[in-house]
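Asker: what would the 3D arrangement of this be:
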Amino acid sequence: MKKTSVFASGAGCALAAALLGGSLASTAVAAPATAAGPAKLARPHATTHPTEATAAPAAINTAAVAKAVEPAVVDVNTVLDPLEGGGATGGAGTGMIVSPDGEIVTNNHVVSGADRIAVTIPGHGTHQATFVGSDPTKDIAVIKVTGVSNLPTVTWGNSSAVQVGTPVVAIGNALGLGGEPTVTQGIISATGRTITAADQTGANPETLHGLLQTDAPIAPGNSGGPLVNASDQVVAMDTAAASAGSVGASLGFAIPSNRVRTIAGEIAAHEHLPGLVYGRPTFLGVAVVSSSQATSNPFGLGFGSFGFGSFGVNPFGLGPSTPTKPGLVVEAVDPGSGAANAGLQAGEEITAVDGTAVSTPAALSKVVKSHKPGQELTLTVYTGSAAETIHARLGQGPVD
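Answerer: The predicted structure is shown next:
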């Protein structure tokens with residue numbers, strides 16, 4: 001998903017910027033996204049001291065680089081459940097093949113919130129991908145396709161050796177157009193950049209440090225794609241860019257390859273390290289609100305957990321006007337989820353899970369997170385006049 005943002009650097013500029021692909025459950029998503037308006041120059045900061053250059057791009061054989069690298073660059077397209085995503089339908093980004101059997105590295109924001117991930121591999125068609133894991137704070141994720149072998153892989157370069165003025169080529173699924181990837185050329189125009197990005201409401205900020213800056217034109221959909229040197233080596237992963245119409249709109253930002261390669265390797269090896277997240281969360285599939293909140297808000301305009309920690313809204317005013325006892329009023333049920341298959345319906349009230357009373361969305365989320373997909377919960381449910389026991393099998397939720 002494209003996120004409007006403000007980044008601050010040691011050069012002293014504050015500019016409108018954007019992440020370049022993917023999707024989040026909190027907002028409608030589709031590439032391309034709307035660019036932010038112009039921003040203003042700010043006073044110099046002393047937090048970082050990047051090196052900068054504005055020289056013309058050095059010579060590089062763009063066609064040869066693209067021909068060598070494109071076979072290992074994939075389109076990543078995601079789908080969100082409309083109920084969970086509040087109307088969101090999907091997003092687009094790019095990925096790089098890092099193992100012959102189908103491991104792919106991309107930005108975490110490309111796949112965050114996705115229910116389904118589809119990967120199109122040049123010459124190998126489109127495949128559904130599974131989420132292996134991520135480091136959300138570093139915006140790096142690994143996904144995997146199965147049933148493939150002997151795939152071409154990218155060649156990593158040493159990002160520590162990259163200098164200002166190094167010619168580079170950006171390759172990616174710009175604007176989510178699919179088909180032949182978009183290829184652009186530029187130079188490394190600064191190193192050591194720090195950016196802080198947030199969504200279009202200014203929420204969910206994330207800060208990334210030590211990025212490479214490039215003047216190679218990149219667009220929404222490029223996230224997760226390679227920034228390549230003249231030796232066909234990936235020196236960084238495209239992640240964000242200044243928004244069109246802002247000061248420095250030709251500036252792009254990419255995560256150095258040494259960091260991407262290290263973290264992707266840790267994820268692929270399932271190392272137990274702080275900050276790493278593996279697999280998809282356990283999912284019940286209900287949006288709930290405490291019965292006390294439902295009583296005080298008869299129009300049902302509340303927020304509640306879907307059983308894995310995210311939120312849903314009930315615009316229809318569903319729910320009993322007088323709950324039977326302390327519990328959780330069901331505002332919405334995700335079609336196809338364990339809750340739906342068990343027969344749970346909006347307006348009913350959950351009072352206990354596995355015999356233990358629950359009265360807050362957080363309590364329900366805690367119980368759900370303590371189980372694994374495929375396990376079963378026993379729910380005590382009031383339908384308005386009588387208590388009923390139902391059994392719901394937990395599934396897998398959207399990518400965190």
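Asker: low-confidence stretches in this structure?
Answerer: Across the chain, the ranges flagged by pLDDT under 70 are 1-58, 81-89, 197-204, 243-249, 280, 294-325, 398-400.
Asker: hey, which strand is longest across it?
Answerer: When every strand of the chain is counted residue by residue (DSSP state E), the longest turns out to be strand 182-197.
Asker: in it, what counts as buried?
Answerer: Under the neighbour-count criterion of 16 or more other C-beta atoms under 10 Å, strand 182-197 has 182-195, 197 buried. C-beta: built from backbone N, CA, C; applies to glycine.
Asker: equivalent analysis for stretch 59-77, please.
Answerer: Across stretch 59-77, burial judged by 16+ other C-beta under 10 Å covers 60, 62, 65-66, 68-77.
Asker: can you redo these as JSON lines with secondary structure and distance to P205?
Answerer: Rendered in JSON lines, the data for the buried residues of stretch 59-77 read as follows (DSSP: H, G, I helix; E, B strand; the rest coil; distance: C-beta to C-beta, whole Å):
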{"residue": "I60", "secondary structure": "coil", "distance to P205": "35"}
{"residue": "T62", "secondary structure": "helix", "distance to P205": "35"}
{"residue": "V65", "secondary structure": "helix", "distance to P205": "34"}
{"residue": "A66", "secondary structure": "helix", "distance to P205": "34"}
{"residue": "A68", "secondary structure": "helix", "distance to P205": "37"}
{"residue": "V69", "secondary structure": "helix", "distance to P205": "32"}
{"residue": "E70", "secondary structure": "helix", "distance to P205": "34"}
{"residue": "P71", "secondary structure": "helix", "distance to P205": "36"}
{"residue": "A72", "secondary structure": "helix", "distance to P205": "32"}
{"residue": "V73", "secondary structure": "strand", "distance to P205": "29"}
{"residue": "V74", "secondary structure": "strand", "distance to P205": "29"}
{"residue": "D75", "secondary structure": "strand", "distance to P205": "28"}
{"residue": "V76", "secondary structure": "strand", "distance to P205": "23"}
{"residue": "N77", "secondary structure": "strand", "distance to P205": "26"}
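Asker: and the strands in the stretch 1-150 of the chain?
Answerer: Defined through DSSP state E, counting those that start in this stretch, the strands belonging to the stretch 1-150 of the chain, from first to last, are 4-8, 14-19, 73-79, 90-97, 103-106, 116-121, 125-135, 140-145.
Asker: could I have the CA atoms of the longest helix along the chain written out in CSV?
Answerer: Using DSSP state H to define each element, the chain has its longest helix at helix 257-268. C-alpha atoms of helix 257-268 as CSV (Å, rounded to 0.1, in the frame of the first residue of the first chain):
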residue,chain,number,x,y,z
SER,A,257,21.1,-5.5,0.5
ASN,A,258,23.3,-6.6,3.3
ARG,A,259,20.4,-6.0,5.8
VAL,A,260,17.8,-7.6,3.5
ARG,A,261,20.0,-10.7,2.9
THR,A,262,20.8,-11.2,6.6
ILE,A,263,17.2,-10.8,7.9
ALA,A,264,15.7,-12.8,5.0
GLY,A,265,18.1,-15.6,5.9
GLU,A,266,17.2,-15.5,9.5
ILE,A,267,13.5,-15.7,8.6
ALA,A,268,14.0,-18.6,6.2
